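S.K.: Below is the sequence, then the predicted model.
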Amino acid sequence: MAKKTALYDKHIALGGKMVEFAGYALPVQYVGIIEEHRAVRNAAGLFDVSHMGEFLFKGKDAERALNFLLTNDIRGMRDGQGRYSIMPNESGGAVDDVIVGRESAEKFWVVVNAANREKDAAWVRAHLPEGDVAFFDLSDDIAQLALQGPQSETVLRRVMKEKDIPAKYYTFARDVQLGGHTVTVARTGYTGEDGFEVYCLNAIAGKVYDIIERAAREAGVEMLPCGLGARDTLRLEAGMPLYGHELAEDIPVDETGLGFAVKRGKEDFVGKAAIVAHTPEFCRVGARVRDRGIVREHCDIYCGNELVGQSTSGTFSPTLGCGIAMLRVRRDFADRSLEADVRGRRVALATVPLPFYTRPDKEK
């Protein structure tokens with residue numbers, strides 16, 4: 001039976017169409033994927049992402065331990081700063097992709113993907129270096145709400161002090177007040193828009209949701225509750241990878257287009273030898289569909305009659321008004337004329353730079 005998040009009853013009351021995802025019952029949509037997608041692009045949307053996992057690392061050697069477990073270099077992070085990274089395996093594939101947040105020199109938070117939470121926890125316990133570091137999986141105690149869109153800060157300003165709202169992307173504020181409740185707020189998201197992710201104890205998740213909903217109404221912001229469907233179309237437009245699609249245990253991390261998060265020059269870390277020795281054969285590219293039709297994941301990609309890769313994600317883009325897809329193709333074919341095999345029909349593609357969509361305002 002699927003687990004229920006602390007907001008399950010809220011989704012039912014709002015008319016959410018529930019599906020099972022990563023072992024949880026979650027809404028795939030409410031009024032409709034396109035309407036929810038456009039609300040986030042134009043105003044604001046509120047997602048329940050409580051299925052995500054939250055790990056805590058404490059101790060004098062916490063930073064050193066995480067630097068060994070992750071591809072990115074987390075040394076020198078400031079208190080309240082976040083950083084994206086990959087958790088690699090010994091062969092250079094990805095156990096998961098994560099966000100690390102430094103609360104203090106001896107306290108770090110790591111947010112992991114829901115489907116990988118138990119696997120990740122077991123991996124960490126098996127590979128945690130010796131030293132003064134303790135690992136805790138707090139996922140079952142924490143709810144997470146994602147308030148995303150260009151007017152998301154307008155909403156938060158009604159229920160938070162301005163000084164408590166993180167000012168820059170990939171920063172967070174611990175133990176701040178939101179409408180009289182203690183929460184953690186991060187300026188992060190998975191939509192390509194400005195936005196925030198709010199972490200709180202399960203016991204107050206419903207109250208925090210109601211406070212945000214009321215604040216949007218009072219601010220005149222047309223915020224919609226949003227489901228997994230819009231979350232996927234938004235992240236795909238933003239060119240953001242999804243574990244199990246663009247990332248996996250058997251996909252070398254240097255073939256994912258995430259080189260900014262793989263610091264080959266740092267001291268030893270899990271999988272470093274394999275990553276340094278590997279010569280990339282494939283790469284991740286974006287493609288727009290020239291013809292009518294949608295290219296979903298797992299479509300074979302051809303250059304002429306030669307099979308050169310597969311699609312890893314694909315959808316109709318509400319913002320661009322056409323089909324878009326991310327492809328894993330052989331590097332020497334990345335800028336060639338490509339076609340996707342969609343149920344036996346060849347669909348012409350135009351390769352384009354990622355992301356497909358960039359929000360019009362400058363990043364903070």
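M.R.: On my side now, so go ahead. Numbering: from 1, shown residues only.

S.K.: Please count neighbours and contacts with C-alpha atoms only from this point.
M.R.: Noted.

S.K.: residue ranges of the helices in this structure, please?
M.R.: Per DSSP state H, the chain carries helices over the ranges 8-13, 33-42, 62-69, 117-127, 152-156, 205-219, 228-237, 272-277.

S.K.: Dump those into TSV; add mean pLDDT as well.
M.R.: Below are those laid out as TSV (pLDDT from 0 to 100):
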stretch	mean pLDDT
helix 8-13	98
helix 33-42	98
helix 62-69	98
helix 117-127	98
helix 152-156	98
helix 205-219	98
helix 228-237	98
helix 272-277	98
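
S.K.: Between these, which one is closest to residue 51.
M.R.: Residue 51 lies closest, by C-alpha to C-alpha, to one member of these: helix 117-127, at 9.3 Å.

S.K.: can you list contacts of the closest one?
M.R.: 52-53, 69, 95-96, 112, 135, 137 (C-alpha atoms under 8 Å, 6 or more residues apart in numbering).

S.K.: Would you confirm that residue 179 contacts residue 161?
M.R.: No: with contacts counted by C-alpha atoms under 8 Å, residue 179 stays clear of residue 161, the gap being 9.6 Å.

S.K.: Residues contacting stretch 290-305, please?
M.R.: 245, 289, 307-316, 323-325, 327, 329, 333, 336-342, 347-350.

S.K.: Which among these count as buried?
M.R.: Applying 16 or more other C-alpha atoms under 10 Å to these, the neighbour count classes 245, 289, 307-316, 323-325, 327, 329, 338-342, 347-350 as buried.

S.K.: just to revisit the earlier point, next, format the helices of the chain as JSON lines and append mean neighbour count and distance to residue 21.
M.R.: Listed next are the helices of the chain as JSON lines, based on neighbours: other C-alpha atoms under 10 Å; distance: least, C-alpha to C-alpha, whole Å:
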{"stretch": "helix 8-13", "mean neighbour count": "15", "distance to residue 21": "13"}
{"stretch": "helix 33-42", "mean neighbour count": "21", "distance to residue 21": "16"}
{"stretch": "helix 62-69", "mean neighbour count": "22", "distance to residue 21": "27"}
{"stretch": "helix 117-127", "mean neighbour count": "15", "distance to residue 21": "13"}
{"stretch": "helix 152-156", "mean neighbour count": "22", "distance to residue 21": "26"}
{"stretch": "helix 205-219", "mean neighbour count": "18", "distance to residue 21": "20"}
{"stretch": "helix 228-237", "mean neighbour count": "23", "distance to residue 21": "9"}
{"stretch": "helix 272-277", "mean neighbour count": "16", "distance to residue 21": "31"}
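
S.K.: will you turn these into JSON lines that also has distance to residue 294?
M.R.: Putting the helices of the chain into JSON lines (distance: least, C-alpha to C-alpha, whole Å) gives the following:
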{"stretch": "helix 8-13", "distance to residue 294": "29"}
{"stretch": "helix 33-42", "distance to residue 294": "15"}
{"stretch": "helix 62-69", "distance to residue 294": "38"}
{"stretch": "helix 117-127", "distance to residue 294": "31"}
{"stretch": "helix 152-156", "distance to residue 294": "31"}
{"stretch": "helix 205-219", "distance to residue 294": "34"}
{"stretch": "helix 228-237", "distance to residue 294": "13"}
{"stretch": "helix 272-277", "distance to residue 294": "34"}
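
S.K.: What's the separation between the nearest residue to residue 142 once chain neighbours are set aside and residue 300?
M.R.: In space, and not counting its chain neighbours, residue 142 is closest to residue 201: 4.7 Å by C-alpha to C-alpha, 6 or more residues apart in numbering. According to C-alpha to C-alpha, to the nearest Å, residue 201 and residue 300 sit 44 Å apart.

S.K.: Counting neighbours, go ahead and name the busier of these two.
M.R.: A side-by-side neighbour count of residue 201 and residue 300, using other C-alpha atoms under 10 Å, places residue 300 first with 22 against 17.

S.K.: Which pLDDT value belongs to that one?
M.R.: Residue 300 is assigned 98 on the pLDDT scale.

S.K.: And it, how far from residue 343?
M.R.: 10 Å.

S.K.: swap in residue 220?
M.R.: For residue 220, the distance to residue 343 - C-alpha to C-alpha - is 46 Å.

S.K.: So if I had to pick from these two, which one is more boxed in?
M.R.: Taking other C-alpha under 10 Å, residue 220 and residue 343 do not tie; residue 220 has more neighbours (12 against 9).

S.K.: Let me see the backbone angles for the more buried one.
M.R.: phi 70, psi 20 (degrees, to the nearest 10).

S.K.: Let's see the pLDDT reported for it.
M.R.: The model's pLDDT for residue 220 equals 98.

S.K.: Which single one of the contacts of helix 117-127 is nearest to residue 86?
M.R.: residue 96 (6.0 Å).

S.K.: And the residue of the chain most remote from its centre, its phi and psi?
M.R.: Most distant from the centre of the chain: residue 305, at 35.2 Å, with distances by C-alpha atoms, centre = their mean. The phi and psi values for residue 305, taken as degrees, to the nearest 10, are phi -100, psi 10.

S.K.: how close does it sit to residue 275?
M.R.: For residue 305 relative to residue 275 (C-alpha to C-alpha), the value is 32 Å.
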